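Colleague: show me the folded form of this:
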Amino acid sequence: MWLLGTRPVSGQLSAKQGGGLWKGLDRMPKLTPELLDRLEDVGVRHPSSYSDCYHQLAPVVKRIKHSYNGMFNWWSGGAWEEALKPGVYKGVWKRYDLRSAYRWASTLGLPDVATFRAWKRYRYPENVNGLWVGYVEPRKDLPNVFRNATTPVVISSEELRAYKIQLDVLYGVTWSETLPPDYIGRTLDRLPCAKDAGRAYWGRWIARDPLICKTPNKTWQLHNRTANFIWGWLLVGRVRLRLWKRAQYAVHVYVDEVVVPHDLPTGPNVGDWSLKETYPNGIAVKRTGWYAPLGGQPVMATGVAAA
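Modeller: Predicted structure coming up:
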(Lines give C-alpha, C1' and ligand atoms only; values in the text may rest on other atoms or scores of the structure.)
Protein backbone atom coordinates (compact mmCIF):
# COMPACT_ATOMS: atom_id res chain seq x y z
CA MET A 1 0.00 0.00 0.00
CA TRP A 2 1.14 3.52 -0.82
CA LEU A 3 -0.27 6.45 1.17
CA LEU A 4 0.14 10.23 1.13
CA GLY A 5 -0.11 11.05 4.80
CA THR A 6 -3.05 8.92 5.93
CA ARG A 7 -4.73 8.75 2.50
CA PRO A 8 -4.26 5.55 0.48
CA VAL A 9 -3.44 6.31 -3.16
CA SER A 10 -2.34 2.92 -4.54
CA GLY A 11 -2.39 -0.72 -3.57
CA GLN A 12 -1.02 -3.96 -4.98
CA LEU A 13 -2.70 -7.26 -4.18
CA SER A 14 -0.78 -10.48 -3.66
CA ALA A 15 -1.24 -13.29 -6.14
CA LYS A 16 -3.44 -15.28 -3.77
CA GLN A 17 -5.74 -12.23 -3.49
CA GLY A 18 -6.07 -11.95 -7.26
CA GLY A 19 -3.11 -9.66 -7.95
CA GLY A 20 -3.29 -6.35 -9.76
CA LEU A 21 -2.38 -2.74 -9.06
CA TRP A 22 -5.23 -0.60 -7.77
CA LYS A 23 -5.48 3.19 -7.67
CA GLY A 24 -7.74 5.63 -5.87
CA LEU A 25 -9.93 7.67 -8.22
CA ASP A 26 -10.25 10.80 -6.10
CA ARG A 27 -7.37 12.53 -7.91
CA MET A 28 -8.47 11.38 -11.38
CA PRO A 29 -12.29 11.50 -11.20
CA LYS A 30 -12.69 11.51 -15.00
CA LEU A 31 -10.63 8.38 -15.53
CA THR A 32 -12.04 5.83 -17.98
CA PRO A 33 -10.59 2.67 -19.57
CA GLU A 34 -10.34 4.61 -22.83
CA LEU A 35 -8.32 7.38 -21.18
CA LEU A 36 -6.00 4.79 -19.62
CA ASP A 37 -5.37 3.30 -23.06
CA ARG A 38 -4.65 6.70 -24.55
CA LEU A 39 -2.29 7.57 -21.69
CA GLU A 40 -0.43 4.31 -22.14
CA ASP A 41 -0.08 5.07 -25.86
CA VAL A 42 1.94 8.19 -25.01
CA GLY A 43 4.00 6.52 -22.28
CA VAL A 44 2.04 7.09 -19.07
CA ARG A 45 1.50 3.89 -17.07
CA HIS A 46 -0.64 3.39 -13.96
CA PRO A 47 -1.00 7.14 -13.17
CA SER A 48 -2.05 8.02 -9.63
CA SER A 49 -3.17 11.58 -10.47
CA TYR A 50 -3.35 14.12 -13.27
CA SER A 51 -0.14 15.58 -11.87
CA ASP A 52 1.49 12.16 -12.17
CA CYS A 53 0.51 12.05 -15.86
CA TYR A 54 2.55 15.20 -16.43
CA HIS A 55 5.55 14.13 -14.36
CA GLN A 56 5.84 10.74 -16.05
CA LEU A 57 6.45 12.50 -19.37
CA ALA A 58 8.18 15.69 -18.26
CA PRO A 59 11.91 16.27 -18.83
CA VAL A 60 14.11 15.15 -15.96
CA VAL A 61 14.95 18.15 -13.80
CA LYS A 62 18.11 18.30 -11.76
CA ARG A 63 17.21 17.67 -8.13
CA ILE A 64 17.65 20.90 -6.21
CA LYS A 65 19.47 21.12 -2.91
CA HIS A 66 17.42 20.44 0.21
CA SER A 67 18.63 23.78 1.57
CA TYR A 68 16.81 25.63 -1.22
CA ASN A 69 13.51 23.91 -0.44
CA GLY A 70 14.09 24.36 3.27
CA MET A 71 14.15 28.12 2.79
CA PHE A 72 10.55 28.15 1.55
CA ASN A 73 8.74 24.92 2.53
CA TRP A 74 7.55 26.27 5.90
CA TRP A 75 5.25 28.91 4.44
CA SER A 76 1.51 28.35 4.80
CA GLY A 77 0.59 31.08 2.34
CA GLY A 78 -0.95 30.18 -0.97
CA ALA A 79 -3.64 31.14 -3.44
CA TRP A 80 -5.78 34.19 -2.71
CA GLU A 81 -9.18 33.15 -1.36
CA GLU A 82 -11.21 35.91 0.29
CA ALA A 83 -14.60 37.51 0.61
CA LEU A 84 -13.36 41.06 0.14
CA LYS A 85 -16.69 42.75 0.83
CA PRO A 86 -19.26 40.51 2.55
CA GLY A 87 -22.79 41.84 2.12
CA VAL A 88 -25.68 42.19 -0.30
CA TYR A 89 -25.16 44.08 -3.56
CA LYS A 90 -27.70 45.02 -6.19
CA GLY A 91 -27.05 45.55 -9.87
CA VAL A 92 -25.23 43.36 -12.38
CA TRP A 93 -22.29 41.26 -11.18
CA LYS A 94 -20.03 39.00 -13.18
CA ARG A 95 -17.88 36.01 -12.36
CA TYR A 96 -14.68 35.57 -14.37
CA ASP A 97 -11.87 33.05 -14.22
CA LEU A 98 -8.47 32.76 -15.86
CA ARG A 99 -8.24 30.13 -18.56
CA SER A 100 -5.70 27.48 -17.53
CA ALA A 101 -4.28 29.83 -14.92
CA TYR A 102 -1.36 27.69 -13.77
CA ARG A 103 -0.41 26.68 -17.28
CA TRP A 104 -0.41 30.38 -18.18
CA ALA A 105 1.82 31.13 -15.18
CA SER A 106 4.46 28.75 -16.52
CA THR A 107 4.66 30.64 -19.82
CA LEU A 108 6.31 33.57 -18.02
CA GLY A 109 9.34 31.33 -17.58
CA LEU A 110 10.48 29.00 -14.81
CA PRO A 111 13.92 29.63 -13.30
CA ASP A 112 16.76 27.42 -14.49
CA VAL A 113 17.76 25.54 -11.32
CA ALA A 114 21.37 25.45 -12.50
CA THR A 115 21.55 29.22 -12.01
CA PHE A 116 20.10 29.34 -8.46
CA ARG A 117 22.07 31.33 -5.91
CA ALA A 118 21.16 31.74 -2.23
CA TRP A 119 21.50 34.99 -0.29
CA LYS A 120 21.14 36.08 3.33
CA ARG A 121 20.30 39.59 4.51
CA TYR A 122 20.35 40.78 0.93
CA ARG A 123 19.56 44.35 0.02
CA TYR A 124 16.84 43.82 -2.56
CA PRO A 125 17.70 45.45 -5.93
CA GLU A 126 15.18 46.30 -8.64
CA ASN A 127 16.95 44.47 -11.46
CA VAL A 128 17.32 41.00 -9.88
CA ASN A 129 14.86 38.13 -10.26
CA GLY A 130 14.38 36.02 -7.17
CA LEU A 131 12.13 34.52 -4.54
CA TRP A 132 12.46 36.08 -1.10
CA VAL A 133 11.59 35.61 2.56
CA GLY A 134 11.14 38.75 4.59
CA TYR A 135 8.80 41.31 6.10
CA VAL A 136 6.65 43.45 3.82
CA GLU A 137 5.03 46.74 4.61
CA PRO A 138 1.33 45.78 5.08
CA ARG A 139 -1.24 47.44 2.89
CA LYS A 140 -5.00 46.89 2.93
CA ASP A 141 -5.31 46.42 -0.82
CA LEU A 142 -2.78 43.56 -0.97
CA PRO A 143 -3.77 39.87 -1.05
CA ASN A 144 -4.46 38.65 2.46
CA VAL A 145 -1.20 36.67 2.78
CA PHE A 146 0.70 39.99 2.72
CA ARG A 147 -1.23 41.97 5.34
CA ASN A 148 0.66 41.05 8.50
CA ALA A 149 3.75 43.09 9.30
CA THR A 150 4.90 40.73 12.09
CA THR A 151 5.11 37.49 10.09
CA PRO A 152 7.63 36.82 7.31
CA VAL A 153 6.25 36.00 3.87
CA VAL A 154 7.46 34.40 0.65
CA ILE A 155 7.29 36.82 -2.26
CA SER A 156 8.88 37.10 -5.70
CA SER A 157 10.65 40.01 -7.33
CA GLU A 158 7.82 40.10 -9.88
CA GLU A 159 5.29 40.68 -7.11
CA LEU A 160 7.41 43.28 -5.33
CA ARG A 161 7.69 45.31 -8.51
CA ALA A 162 3.97 45.06 -9.32
CA TYR A 163 2.70 45.75 -5.79
CA LYS A 164 5.27 48.54 -5.38
CA ILE A 165 6.15 47.53 -1.85
CA GLN A 166 9.41 47.30 0.08
CA LEU A 167 10.76 44.11 1.63
CA ASP A 168 13.02 43.67 4.63
CA VAL A 169 14.86 40.63 3.29
CA LEU A 170 15.85 37.76 5.56
CA TYR A 171 17.09 35.50 2.76
CA GLY A 172 16.25 34.44 -0.77
CA VAL A 173 17.25 32.70 -3.98
CA THR A 174 18.02 34.46 -7.26
CA TRP A 175 18.50 33.12 -10.78
CA SER A 176 20.01 34.44 -13.98
CA GLU A 177 18.32 32.23 -16.61
CA THR A 178 14.80 30.95 -17.25
CA LEU A 179 13.46 27.98 -19.18
CA PRO A 180 11.55 28.47 -22.48
CA PRO A 181 7.92 29.69 -22.23
CA ASP A 182 6.63 26.37 -23.63
CA TYR A 183 8.65 24.21 -21.23
CA ILE A 184 5.52 23.01 -19.40
CA GLY A 185 3.11 23.32 -22.30
CA ARG A 186 4.96 21.01 -24.68
CA THR A 187 4.65 18.14 -22.19
CA LEU A 188 1.01 18.92 -21.39
CA ASP A 189 0.18 18.93 -25.09
CA ARG A 190 1.28 15.30 -25.37
CA LEU A 191 -1.40 14.24 -22.88
CA PRO A 192 -5.01 13.33 -23.71
CA CYS A 193 -5.96 15.03 -20.43
CA ALA A 194 -3.90 18.19 -20.94
CA LYS A 195 -6.41 20.58 -19.36
CA ASP A 196 -6.78 18.57 -16.14
CA ALA A 197 -3.05 17.96 -15.93
CA GLY A 198 -2.49 21.68 -16.51
CA ARG A 199 -4.41 22.44 -13.32
CA ALA A 200 -2.50 19.91 -11.24
CA TYR A 201 1.07 19.51 -12.55
CA TRP A 202 2.63 22.04 -10.19
CA GLY A 203 1.24 20.61 -6.94
CA ARG A 204 3.98 18.00 -6.61
CA TRP A 205 6.60 20.73 -6.36
CA ILE A 206 5.11 22.03 -3.08
CA ALA A 207 3.85 18.70 -1.68
CA ARG A 208 4.92 18.18 1.92
CA ASP A 209 3.35 14.82 2.80
CA PRO A 210 5.81 11.92 2.61
CA LEU A 211 4.88 8.87 0.58
CA ILE A 212 4.33 6.07 3.08
CA CYS A 213 4.95 2.53 1.82
CA LYS A 214 3.47 -0.42 3.71
CA THR A 215 3.81 -4.17 3.28
CA PRO A 216 2.59 -6.90 5.65
CA ASN A 217 6.04 -6.85 7.28
CA LYS A 218 7.29 -3.26 7.34
CA THR A 219 6.55 0.43 6.78
CA TRP A 220 8.86 3.11 5.42
CA GLN A 221 8.74 6.61 3.94
CA LEU A 222 9.89 8.15 0.68
CA HIS A 223 10.29 11.91 0.63
CA ASN A 224 9.40 14.08 -2.34
CA ARG A 225 12.45 14.00 -4.62
CA THR A 226 10.82 16.37 -7.11
CA ALA A 227 10.09 19.12 -4.56
CA ASN A 228 10.79 22.59 -5.92
CA PHE A 229 9.17 25.19 -3.71
CA ILE A 230 10.77 27.97 -5.72
CA TRP A 231 8.91 26.94 -8.85
CA GLY A 232 5.71 26.21 -6.93
CA TRP A 233 5.50 29.48 -4.98
CA LEU A 234 6.48 31.48 -8.07
CA LEU A 235 3.52 30.01 -10.02
CA VAL A 236 1.09 30.61 -7.15
CA GLY A 237 2.33 34.19 -6.84
CA ARG A 238 1.80 34.89 -10.52
CA VAL A 239 -1.83 33.78 -10.43
CA ARG A 240 -2.43 35.70 -7.20
CA LEU A 241 -0.98 38.82 -8.82
CA ARG A 242 -3.24 38.51 -11.89
CA LEU A 243 -6.29 38.48 -9.61
CA TRP A 244 -5.00 41.47 -7.65
CA LYS A 245 -4.72 43.53 -10.82
CA ARG A 246 -8.49 43.10 -11.37
CA ALA A 247 -9.68 43.08 -7.76
CA GLN A 248 -10.08 46.80 -7.04
CA TYR A 249 -13.90 46.56 -7.14
CA ALA A 250 -14.23 42.81 -6.52
CA VAL A 251 -16.40 41.43 -3.72
CA HIS A 252 -14.96 37.91 -3.83
CA VAL A 253 -11.75 36.30 -5.12
CA TYR A 254 -10.97 32.58 -5.16
CA VAL A 255 -7.72 31.10 -6.56
CA ASP A 256 -8.25 32.06 -10.23
CA GLU A 257 -11.75 33.60 -10.06
CA VAL A 258 -12.98 37.12 -9.39
CA VAL A 259 -16.50 38.55 -8.96
CA VAL A 260 -16.74 42.15 -10.17
CA PRO A 261 -19.45 44.70 -11.18
CA HIS A 262 -17.87 45.47 -14.55
CA ASP A 263 -16.66 43.83 -17.74
CA LEU A 264 -13.22 42.31 -18.16
CA PRO A 265 -11.57 41.72 -21.55
CA THR A 266 -12.06 38.05 -22.48
CA GLY A 267 -10.48 35.70 -24.98
CA PRO A 268 -10.06 32.04 -25.96
CA ASN A 269 -6.39 31.62 -25.13
CA VAL A 270 -4.47 30.36 -22.11
CA GLY A 271 -4.27 33.19 -19.60
CA ASP A 272 -7.29 35.08 -20.96
CA TRP A 273 -10.25 35.96 -18.77
CA SER A 274 -13.39 33.89 -19.33
CA LEU A 275 -16.90 35.01 -18.32
CA LYS A 276 -18.36 32.13 -16.28
CA GLU A 277 -21.66 33.62 -15.08
CA THR A 278 -23.63 36.85 -14.94
CA TYR A 279 -25.88 37.77 -12.00
CA PRO A 280 -28.24 40.48 -13.32
CA ASN A 281 -30.22 40.95 -10.10
CA GLY A 282 -27.42 41.30 -7.59
CA ILE A 283 -25.30 39.09 -5.37
CA ALA A 284 -24.95 38.14 -1.69
CA VAL A 285 -21.51 37.39 -0.27
CA LYS A 286 -21.63 35.61 3.08
CA ARG A 287 -18.02 34.61 3.67
CA THR A 288 -14.95 33.34 1.86
CA GLY A 289 -16.07 30.48 -0.32
CA TRP A 290 -19.81 31.32 -0.12
CA TYR A 291 -21.75 33.63 -2.39
CA ALA A 292 -25.02 33.46 -4.32
CA PRO A 293 -27.12 35.47 -6.77
CA LEU A 294 -29.94 37.27 -4.98
CA GLY A 295 -32.87 34.89 -4.73
CA GLY A 296 -30.83 31.95 -6.04
CA GLN A 297 -28.79 29.00 -4.87
CA PRO A 298 -25.14 29.45 -3.82
CA VAL A 299 -22.65 29.47 -6.64
CA MET A 300 -19.99 28.48 -4.16
CA ALA A 301 -20.52 27.03 -0.70
CA THR A 302 -17.25 25.56 0.49
CA GLY A 303 -17.35 23.94 3.89
CA VAL A 304 -21.04 23.05 3.54
CA ALA A 305 -21.87 19.35 3.44
CA ALA A 306 -23.60 18.18 0.27
CA ALA A 307 -27.30 17.37 0.63
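Colleague: need the pLDDT of the closest residue to residue 31 other than its chain neighbours.
Modeller: Leaving out its chain neighbours, the residue that sits closest to residue 31 by C-beta to C-beta, 6 or more residues apart in numbering is residue 25, at 6.0 Å. Where C-beta positions appear, they are placed from N, C-alpha and C, glycine not excepted. For residue 25, the pLDDT comes out at 85.
Colleague: which ones are touching residue 241?
Modeller: Going by C-beta atoms under 8 Å, 6 or more residues apart in numbering, residue 241 touches 158, 159, 162, 163.
Colleague: residue 229 against residue 67, yeah?
Modeller: No: the criterion here is C-beta atoms under 8 Å, and residue 229 misses it with residue 67 at 11.4 Å.
Colleague: surely the residue nearest to residue 31 meets residue 36?
Modeller: No: assessed by C-beta under 8 Å, residue 25 is found out of contact with residue 36, at 11.6 Å.
Colleague: so, low pLDDT: which residues of the stretch 201-307 of the chain?
Modeller: 303-307 (pLDDT under 70).
Colleague: before we move on, back to that, higher neighbour count, residue 25 and residue 36?
Modeller: Legend: neighbour count by other C-beta atoms under 10 Å for residue 25 and residue 36, higher for residue 36 (17 against 8).
Colleague: tell me the secondary structure at that one.
Modeller: Each residue gets one of three states, and residue 36 gets helix by DSSP: H, G, I helix; E, B strand; the rest coil.
Colleague: so what's the residue count around residue 16?
Modeller: Neighbour tally, residue 16, other C-beta under 10 Å: 6.
Colleague: looks to me like it is in a helix.
Modeller: Yes: assessed with three-state DSSP, residue 16 lies in a helix.
Colleague: let me see the contact set for it.
Modeller: By C-beta under 8 Å, 6+ apart, residue 16 has no neighbours at all.
Colleague: any idea how far it lies from residue 215?
Modeller: Separation of residue 16 from residue 215 (C-beta to C-beta, to the nearest Å): 15 Å.
Colleague: how far is the longest helix along the chain from where the chain is centred?
Modeller: The residue-count maximum for a helix in the chain (DSSP state H) belongs to helix 229-244. How far helix 229-244 lies from its chain's middle: 8 Å, per C-alpha atoms, centre = their mean, to the nearest Å.
Colleague: after it, next one along is what?
Modeller: For helix 229-244, the following helix or strand on the C-terminal side (DSSP states H and E) is strand 252-254.
Colleague: who are the packing partners of whichever helix or strand comes after that next one?
Modeller: Reading on from strand 252-254 to the C-terminus, the next helix or strand found by DSSP H and E is strand 257-260. With contacts taken as 3 or more C-beta pairs under 8 Å, 6 or more residues apart in numbering; DSSP states H and E, strand 257-260 sits against strand 93-98, strand 252-254.
Colleague: what does the next helix or strand after strand 257-260 contact?
Modeller: Sequence order places strand 273-279 as the next helix or strand after strand 257-260, per DSSP H and E. Applying C-beta under 8 Å, 6+ apart, the external contacts of strand 273-279 come out as 92-99, 246, 257, 264-267, 293-294, 296, 299.
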